[in-house]
Every structure is written in structure tokens, then in C-alpha cells.
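Trainee: let me see the structure of the following:
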Amino acid sequence: MKIATAAYPLDWFDDWSEYDAKITNWVKEAAEQGAELLVFPEYGAMELSTLDGAEVAGNLEQSLHAVSSRMPEVDALHLRLAAQFGVHILGASAPVFDGRDRPVNRATLYAPNGRKGVQDKQIMTMFERDPWEVVGGGPLKVFDTELGKIGILICYDSEFPLLGRALADVDLLLVPSCTEALAGYWRVRIGAMARALENQCVSVMSSIVGPAEWSEAVDQNTGTGGIFGPPDTGFPATGVLAEGILNKPGWTYADIDLEAIAHVRRDGVVRNRTHWDERAEPEKSVTICQLR
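Mentor: Reported below is the predicted structural model:
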């Protein structure tokens, strides 16, 4: 299959039709290149707050509510496009209140058959904790799709090995991200590459890029798209299947063979995914050795 992952700039919209046209054009472009799975970034949905005007878009709390209220329309648009172009789409994540006092950070996976599933971020960054007050949501999920088994670790979640290990059965691990600084981009990228190494799978990182000066939440963004695998049999020695140009908007593409994932897990030079269980709970086997 071909995967497309986004380096996605945030735009200002005066009406819904402009957002509809933008997402449609992005999906159409990737589908015309043969992509079957499209991955948008974390908090890419924050641009929807502009539909409520500058005062709302520029106010953190109001913008969170404004975006959350648009998600039923967003779902309908993405489901329509997934069916129209015959693709699976991981939509840009959004703050979603969903009957709660505080929002979760939620990404939605849309299938061309009209089905969808959601994944909430598990562990919040410092900014999400204060002042955003975004909270952790539902459990990690494995999505069984026509493209294989898919898992999602939203941005910071990718930096925690045990979250990745919980998704050891997936073929594809999607990592939508939103990072302000270059260091943040590299933290998430290193996490995504490490999870591909440990689980001997393919990880797919997407990023917001460029400024959004109208937003208190996502005003500066650094990153690019990247697709990574284990640096082992059947994959590049660097583990990098494809990477975009830093901060340049657009899609990054890579062709993925699920059999290559099965092969490296079965016959790779190393067996990270299998050998992990030889020390299932290493923290319980640590002893202190006094040398002072």
C-alpha cells in the first residue's frame, strides 16, 4: 500500500466551504498519487476555531469549545471523502468535550466503508495540563482494517515505550504530532522511530508546520512528515522509509508491504518484538549495587 503523511499548515477560514475545499483538495491530491492511508497531524483541527472569528480563535478556552462543537460536521466531511476516494483517513486531532468538563485530545480514523473509530491521547504535555487543562481519554485501541492492524499514539504518547508495547500487535503505528520547537519535533520523531524498532512495525509521523499567529494554542509549529521502519531485513539501514523537508507543507509518501513487516518479525537479524517478553517486567528485577 502507499501511505501519505502530512506536513500541514493551519489556515484562516471565513466560512465552512473554505475548510471543506481545503480538506477535499488535500485528500484528492494524495488519492491521485495512489495513497490508501492518509495521516493528518495532532491539533490540525484548531484552524476550525477561525470560523467563529478572531476573538474566539485567539482565546484559548473559547477556541477549544469552538473546535469541539464542529466535530460532527468534520466527521461527516471525512467520511464522505473516505468513501469518495476509497481511502482510510486519520483526521487531524481535536479537543473534544464529549460531555466532560474538560476536553480530551481525540483523533478519528475514517474508513471508506463508512465506519470510524476514535483514539484519545493518553498522557498530556505540560502545556496541555496547564493552561489548556486537556485530560487523558479512553484506552489505547487496535483498529482492524483492510490495510492491516493500525494503532495510534498521539504525539507525546509516542515517547513512552510501554504505550508502544501495548500496541505490539499493530502493523502500522500512526503518530500525529504538533510541536512548537525543533527539539519537540525530534523528541516525537525519535519516539516514533524507537517504537518502530521495538515493535518491528512501520510508524507514520505527521506534523503541523508554520505559524498560526491568530491562535494562543498553536501559534508556532515545527515539523514534517516521516515514515519509519525497523533498520533490519527488508527495510532501509537508517530505518527511514521517507521524510519530508522540514517545515515545507505537503504530503510525504512511502510504499509499505505488510509482508515485509511479517518477514522482519519472523526472520530479522534481531527479534526485538519477540525478545521483549524475556524481561517482561524489568523494573522488578533491578537491584542496587553499592560502589561508594
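Trainee: hmm, I227 is touching T252, no?
Mentor: Yes: using C-beta atoms under 8 Å as the test, I227 is close enough to T252 to be in contact (6.7 Å). The way it works is simple: take the backbone N, C-alpha and C, and place the C-beta from them, glycine included.
Trainee: okay, and the common contacts of those two?
Mentor: By C-beta atoms under 8 Å, 6 or more residues apart in numbering, I227 and T252 have these common neighbours: T5, A242, E243.
Trainee: ok so, going back, neighbour-wise, which of I227 and T252 wins?
Mentor: Counted by other C-beta atoms under 10 Å, I227 and T252 do not tie: I227 has more neighbours, with 27 against 24.
Trainee: helix or strand for I150, which one?
Mentor: Using DSSP states H and E, the element containing I150 is strand 148-152.
Trainee: do I have it right that L79 meets N113?
Mentor: No: counting by C-beta under 8 Å, L79 stays clear of N113, with 9.7 Å between them.
Trainee: ok, back up a step: next helix or strand past the strand holding I150?
Mentor: Taking DSSP H and E, what comes next after strand 148-152 is helix 161-166.
Trainee: buried residues, that following helix. List them.
Mentor: Going by neighbour count (16 or more other C-beta atoms under 10 Å), the buried part of helix 161-166 is L163, G164, A166.
Trainee: counting contacts, what elements does it pack onto?
Mentor: Helix 161-166 sits against helix 182-199, with contacts defined as 3 or more C-beta pairs under 8 Å, 6 or more residues apart in numbering; DSSP states H and E.
Trainee: show me what the helix or strand just after the helix it packs on is packed against.
Mentor: Using DSSP H and E, the next helix or strand after helix 182-199 towards the C-terminus is strand 202-209. Applying 3+ C-beta pairs under 8 Å, 6+ apart, we find strand 202-209 packed against strand 2-9, strand 37-39, strand 172-177, helix 182-199, strand 226-228.
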